[in-house]
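Engineer: below are the sequence and a predicted model for it; my questions follow.
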Amino acid sequence: MERSGRPALATFHAPALDGASVSLGEEAAHHARVRRLAAGERVRLTDGAGALGEGEILRLSKSALEIRLDAATVHRIPPPAPVHLLVPVADRERMLWLAEKAAELAVTSWTPVRYARSRSVSPRGEGPAFADKVRRRMVAALEQSAGAWLPAIEPEIEAGEAPARFGDCLRLLLDAAGEAALSALSTVDHTGVAVALGPEGGLEEAEADAYRDAGWRAATLAPTVLRFETAAVAAVAVARAALMSREPVRPPAPR
């Protein structure tokens with residue numbers, strides 16, 4: 001939807017693209033003012049559930065942004081092959097940074113896991129208020145990257161619940177002693193990938209054993225020990241690239 005030789009359109013997240021106009025709140029209005037937008041300018045809209053479109057700003061105030069939707073431009077983007085992320089409950093700011101990158105990389109779902117070593121972290125990212133912050137960061141990243149799909153934010157779970165998840169995917173447990181991630185991903189198909197990793201200090205032995213006993217493959221990304229957010233971004237990027245190399249070529253989106 002970019003136009004050659006013209007500035008990139010600003011993108012805004014809207015709950016639905018099925019009416020004549022879209023009314024957005026204070027955060028969107030602030031975004032528009034920062035971009036120095038004005039009434040009459042074209043913008044891009046995404047609902048985070050596969051629909052993209054364009055519209056024209058009708059009204060911009062301090063607390064509201066109203067956009068006339070151009071129905072002829074609305075189209076659906078098929079979801080990419082699934083990439084699920086089991087992220088440790090860990091340092092709050094580093095989790096928020098990872099949430100942004102997860103949205104940019106089109107992660108399918110985000111599931112926080114409370115491990116034994118998560119409990120010693122302070123301040124850690126957990127609870128409903130933090131989940132709302134995660135969603136806001138993801139929405140901002142979706143707008144910045146002009147994406148069509150927002151990750152599903154799942155409720156926090158205990159470590160013992162995690163290994164049974166995503167049995168239909170290629171499941172990778174990040175572990176410095178595992179096989180090379182590229183080797184593990186050589187057989188991946190459209191059913192997708194699930195990535196699990198521990199907090200700072202790693203998983204306790206019993207936690208790691210539970211994953212292995214459930215069929216997760218230990219995989220490594222580098223010859224060094226990575227911070228959890230670095231490891232997660234690297235693993236998701238490699239998994240997404242591997243899946244894209246096996247996806248059928250799709251026609252370009254309408255302009």
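Structural biologist: That came in fine, so what should we check first? Numbers count the residues shown, from 1 in each chain.
Engineer: A102 and P128: what is the separation?
Structural biologist: A102 sits 19 Å away from P128 when distances are taken as C-beta to C-beta, to the nearest Å. C-beta: built from backbone N, CA, C; applies to glycine.
Engineer: of the two, which one has the most company?
Structural biologist: Shown here are A102 and P128; by other C-beta atoms under 10 Å, A102 has more neighbours (27 against 8).
Engineer: residue ranges with poor pLDDT in this protein?
Structural biologist: 1-7, 247-255 (pLDDT under 70).
Engineer: so which residues of it form strands?
Structural biologist: 11-13, 21-24, 42-46, 51-60, 65-76, 83-88, 109-114, 152-153, 157-158, 170-180, 193-196, 217-220 (DSSP state E).
Engineer: tell me which residues of the fourth one are tucked away?
Structural biologist: Of the residues in strand 51-60, those with enough neighbours to count as buried (16 or more other C-beta atoms under 10 Å) are A51, L52, G53, E54, G55, I57, L60.
Engineer: ok, now the longest one?
Structural biologist: For strand 65-76, a neighbour-count test (16+ other C-beta under 10 Å) marks L65, E66, I67, L69, T73, V74 as buried.
Engineer: quick one: contacts for E104?
Structural biologist: A141, L142, Q144, S145, G147 (C-beta atoms under 8 Å, 6 or more residues apart in numbering).
Engineer: now the nearest residue to I67 once chain neighbours are set aside: how far from W149?
Structural biologist: Leaving aside its sequence neighbours, I67 sits nearest to G55 (C-beta to C-beta, 6 or more residues apart in numbering; 4.1 Å). From G55 across to W149, the span is 20 Å (C-beta to C-beta).
Engineer: quick revisit: most surrounded residue in the contacts of E104?
Structural biologist: Neighbour counts for the contacts of E104, by other C-beta under 10 Å, peak at L142, which reaches 24 neighbours.
Engineer: isn't that one up against A103?
Structural biologist: Yes - using C-beta atoms under 8 Å, L142 is in contact with A103, at 5.0 Å.
Engineer: residues shared between the contacts of those two?
Structural biologist: Contacts common to L142 and A103, judged by C-beta under 8 Å, 6+ apart, are L150.
Engineer: so what's V43 bridging to?
Structural biologist: G55 (DSSP bridges).
Engineer: what about A234, neighbour count?
Structural biologist: Neighbours of A234 using other C-beta under 10 Å come to 16.
Engineer: grab the nearest non-local neighbour of it.
Structural biologist: Spatial nearest neighbour of A234, chain neighbours left out: L221 (4.9 Å); criterion: C-beta to C-beta, 6+ apart.
Engineer: what about the one you found, distance to G127?
Structural biologist: 30 Å.
Engineer: out of these two, which sits in the busier spot?
Structural biologist: Taking neighbours as other C-beta under 10 Å, L221 and G127 compare with L221 leading, 23 against 12.
Engineer: pretty sure that one is touching A239, no?
Structural biologist: No - using C-beta under 8 Å, L221 is not in contact with A239; the gap is 10.7 Å.
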